[in-house]
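Engineer: coords please:
(one chain, ligands or ions: 1)
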Amino acid sequence: MNKWYDEIKEAQSVDTLEEIRLAVFGKKGVLAQEFAKMKTAPNEEKSKIAQELNTHKSSLMNEFTARKITLQTLELQEAMKAEDIDVSMFSTTSQSGALHPVMETMDRIVEYFSSMNFAVKTGSMIEDDFHNFEALNLPKYHPARDMQDTFYFKDEMLLRTHTSPVQIRTMMNNKPPIRMIAPGAVFRRDYDITHTPMFHQIEGLLVDEMGKVSFANLKFILEDFLKYMFGDVDVRFRPSFFPFTEPSAEVDISCVFCSGKGCRVCSKTGWLEVLGCGIVDPNVFEAVKYEDVSGYAFGLGVERFAMLIHQIGDLRSLFEGDIKLLEQFQ
Ligand code: PHE
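Structural biologist: Residues are numbered from 1 along each chain as shown. Sure thing, here's the model as predicted:
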């Protein structure tokens, strides 16, 4: 009998303990066998044997129950340890998000002009004919309206084709001087590798007393800005035309792909066009009822900057939401 006490104490698993239980307490277990033997024992010894066996039976049962609880607790602890999740551990598969290259480029441009004390102004994407065209010296039937293929709603409302209406609204609501940029989405009926129906512009406007603003001021800040964005590039101003500025210029930088030697991207010219600008046309000031002021304005396409900075070939790929492209900007 005594060996079973040790067996129970030393059992290492609930399963082994169960085998022992059957061997001791089972129908054909040792206790049953001992009780069976008792029947053949002399009568006067029977009660003594029965007493001993019953004492063993209850002691063994106590041992068994105690060991079972210990083993079950241990096994539960083991199982919990195995299933334990360390919530503070880094996962190797998680990926962090990133700003879209267009937004990141926009932020950098805004950062530059904010540091130069330009206020950031925004406006509505749905505009009327007056603010988008008329006040910008683009009267009805003016041929230059064709430069901007417009999405129209009824009642002379439209999707703004540039962020210039924000300048008109800012001037109409504020007295000069003005020093502002207007970043935002604009819309034109265009779609090919360098045009999408929606894209982003940043326009700048500076207005001060008559005679205080010159083309030299404009040239200085744009050159400084382009070097901030593209590093050590050459900058050149080419005469151009915009209805709302006179004189007007388009601004080129030396090609960032071939350093001005001439390649496929710059059509072998060595130059890339990046901006439009000019001295604000007096007709614009008349439309917003400003007197005795002078100013300069400029406008640029944010996607174009992003494409040149990140060497992206097809503008449309910026709007396809392809995770493989976006992952490269983390
Ligand atoms: N608004 C012009 C465009 O969208 C850009 C521009 C702004 C040009 C200001 C000159 C001055 O084409």
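Engineer: Closest residue of the stretch 101-250 of the chain to the ligand?
Structural biologist: Going by C-beta to the nearest ligand atom, the ligand is nearest to residue 162 of the stretch 101-250 of the chain, at 3.3 Å. No exception for glycine: its C-beta is placed from N, CA and C like everyone else's.
Engineer: Domain boundaries for this protein, per the record?
Structural biologist: Listed domain ranges for the chain are 2-82, 101-329 (source: automatic domain parsing).
Engineer: most tightly surrounded among those?
Structural biologist: For these, ranked by mean neighbour count under the definition mean count of other C-beta atoms under 10 Å, the leader is domain 101-329 at a mean of 17.
Engineer: gap between the two ends of that one?
Structural biologist: 7 Å (C-alpha to C-alpha, to the nearest Å).
Engineer: ok now it, how far from the chain's centre?
Structural biologist: 25 Å (C-alpha atoms, centre = their mean, to the nearest Å).
Engineer: can you tell me the average pLDDT over that domain?
Structural biologist: Mean pLDDT, domain 101-329: 93.
Engineer: Tell me the secondary structure of the residue lying closest to residue 14 once chain neighbours are set aside, please.
Structural biologist: Distances taken as C-beta to C-beta, 6 or more residues apart in numbering place residue 71 nearest to residue 14, at 5.0 Å, with adjacent residues excluded. State at residue 71, reduced to three classes by DSSP: H, G, I helix; E, B strand; the rest coil: helix.
Engineer: quick one: the closest residue to the ligand within the chain from residue 159, how far?
Structural biologist: The minimum distance from the chain to the ligand, using C-beta to the nearest ligand atom, falls at residue 299 (2.7 Å). According to C-beta to C-beta, to the nearest Å, residue 299 and residue 159 sit 17 Å apart.
Engineer: need the residues of the stretch 51-200 of the chain near the ligand, please.
Structural biologist: Contact residues, the stretch 51-200 of the chain versus the ligand (C-beta under 6 Å from any ligand atom): 162, 164.
Engineer: all helices of the stretch 51-200 of the chain, in order?
Structural biologist: Per DSSP state H, counting those that start in this stretch, the stretch 51-200 of the chain carries helices over the ranges 101-115, 129-132, 164-173.
Engineer: For residue 208, give its distance to residue 270.
Structural biologist: Counting by C-beta to C-beta, the gap from residue 208 to residue 270 is 36 Å.
Engineer: mind putting the helices of the stretch 51-200 of the chain in JSON lines, distance to residue 194 included?
Structural biologist: Formatted as JSON lines, the helices of the stretch 51-200 of the chain follow (distance: least, C-beta to C-beta, whole Å):
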{"stretch": "helix 101-115", "distance to residue 194": "14"}
{"stretch": "helix 129-132", "distance to residue 194": "22"}
{"stretch": "helix 164-173", "distance to residue 194": "21"}
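Engineer: Figure out which of those is closest to residue 88.
Structural biologist: Among these, helix 101-115 comes nearest to residue 88, with 30.9 Å by C-beta to C-beta.
Engineer: Does anything pack onto that closest one? Which helices or strands?
Structural biologist: strand 119-120, strand 178-187, strand 198-209, helix 215-230, helix 302-310 (3 or more C-beta pairs under 8 Å, 6 or more residues apart in numbering; DSSP states H and E).
Engineer: which residue sits closest to residue 41, ignoring its sequence neighbours?
Structural biologist: residue 49 (5.8 Å).
Engineer: what's the strand or helix carrying the one you found packed up against?
Structural biologist: In this structure, residue 49 is located in helix 43-83 according to DSSP states H and E. With contacts taken as 3+ C-beta pairs under 8 Å, 6+ apart, helix 43-83 sits against helix 2-10, helix 14-25, helix 30-40.
Engineer: Dump the C-alpha coordinates for the second one into PDB.
Structural biologist: Output in PDB follows, covering the C-alpha atoms of helix 14-25 (Å, rounded to 0.1, in the frame of the first residue of the first chain):
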ATOM      1  CA  VAL A  14      -2.700  14.900 -14.500                       C
ATOM      2  CA  ASP A  15      -2.800  12.000 -17.000                       C
ATOM      3  CA  THR A  16      -0.300   9.900 -15.000                       C
ATOM      4  CA  LEU A  17      -2.300  10.700 -11.900                       C
ATOM      5  CA  GLU A  18      -5.500   9.500 -13.600                       C
ATOM      6  CA  GLU A  19      -3.700   6.200 -14.400                       C
ATOM      7  CA  ILE A  20      -2.700   5.900 -10.700                       C
ATOM      8  CA  ARG A  21      -6.300   6.600  -9.600                       C
ATOM      9  CA  LEU A  22      -7.600   3.700 -11.700                       C
ATOM     10  CA  ALA A  23      -4.800   1.400 -10.400                       C
ATOM     11  CA  VAL A  24      -5.700   2.300  -6.800                       C
ATOM     12  CA  PHE A  25      -9.400   3.100  -6.700                       C
END
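Engineer: what does that helix contact?
Structural biologist: Here helix 14-25 makes contact (C-beta atoms under 8 Å, 6 or more residues apart in numbering) with 4, 7-8, 11, 29-31, 57, 60-61, 64, 67-68, 71-72, 75.
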